[in-house]
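Asks: This is a predicted model, with the sequence first.
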Amino acid sequence: MLRYLPYLVLFALWIYAFVDCLGTPERDVRGMPKVVWVLIILFFGTVLIGPLAWLLIGRRRGRRVAAGGATPSEWHRGYRPDSGAVRYSPEGQQLPEPPAADWIPPDDNPEFLRSLSELNRQNRRNGPDADGRPQAEGE
């Protein structure tokens, strides 16, 4: 089992360097364009040259990411669709405005949690069915 350890370490380093390169903003890449670094990591990953070159030479180190993050997909943060925009279906018909963003997920919705508590109380009162399952509301 120990003989596979070097291969696992090599594979983990290869994956780490690849993901790190993809997640690094273009302004923090040194020496070559980011696409070239990705290709170097992919093609020379099995001989350890690509990942080590990326980790030692390719990325500017020492600068920490701000609390808000600095991912390549940063553009979507805080993006809200324009509520005044008119939307159309593929058939060309005008679509109604989307519902307001006041939807509450079930685990935060007090009404839903109350209904679960009530259902739980009912099941405890009625006891389990013959097969050992608690009775559901519609049964």
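Replies: Received, thanks.
Asks: so where do the strands sit in this protein?
Replies: With DSSP state E as the definition, the chain shows strands at residue ranges 87-88, 94-95.
Asks: max-length helix in this protein?
Replies: helix 5-23 (DSSP state H).
Asks: among the strands of the chain, which gets the worst mean confidence?
Replies: In terms of average pLDDT, strand 87-88 trails the rest of the strands of the chain, at a mean of 72.
Asks: How about Phe43: what's its closest non-neighbour residue?
Replies: What sits nearest to Phe43 in space, not counting adjacent residues and going by Cβ to Cβ, 6 or more residues apart in numbering, is Gly50, at 6.6 Å. To be clear about C-beta, it is placed using only N, CA and C from the backbone, and glycine gets the same treatment.
Asks: Tell me which residues touch that neighbour, please.
Replies: Contacts of Gly50 were listed using Cβ atoms under 8 Å, 6 or more residues apart in numbering, and they are Trp14, Ala17, Ile40, Ile41, Leu42, Phe43, Phe44.
Asks: Please tell me how far it sits from Leu5.
Replies: Using Cβ to Cβ, to the nearest Å, Gly50 is found at 20 Å from Leu5.
Asks: go on, Gly23?
Replies: Gly23 sits at a distance of 27 Å from Leu5 (criterion: Cβ to Cβ).
Asks: now swap in Gln93 and tell me
Replies: With Cβ to Cβ as the criterion, Gln93 and Leu5 are 62 Å apart.
Asks: Which strands or helices does the helix or strand bottoming out on mean pLDDT in the chain pack on?
Replies: The least trusted helix or strand in the chain, going by mean pLDDT, DSSP states H and E, turns out to be strand 87-88, with a mean of 72. Here strand 87-88 touches strand 94-95, going by 3 or more Cβ pairs under 8 Å, 6 or more residues apart in numbering; DSSP states H and E.
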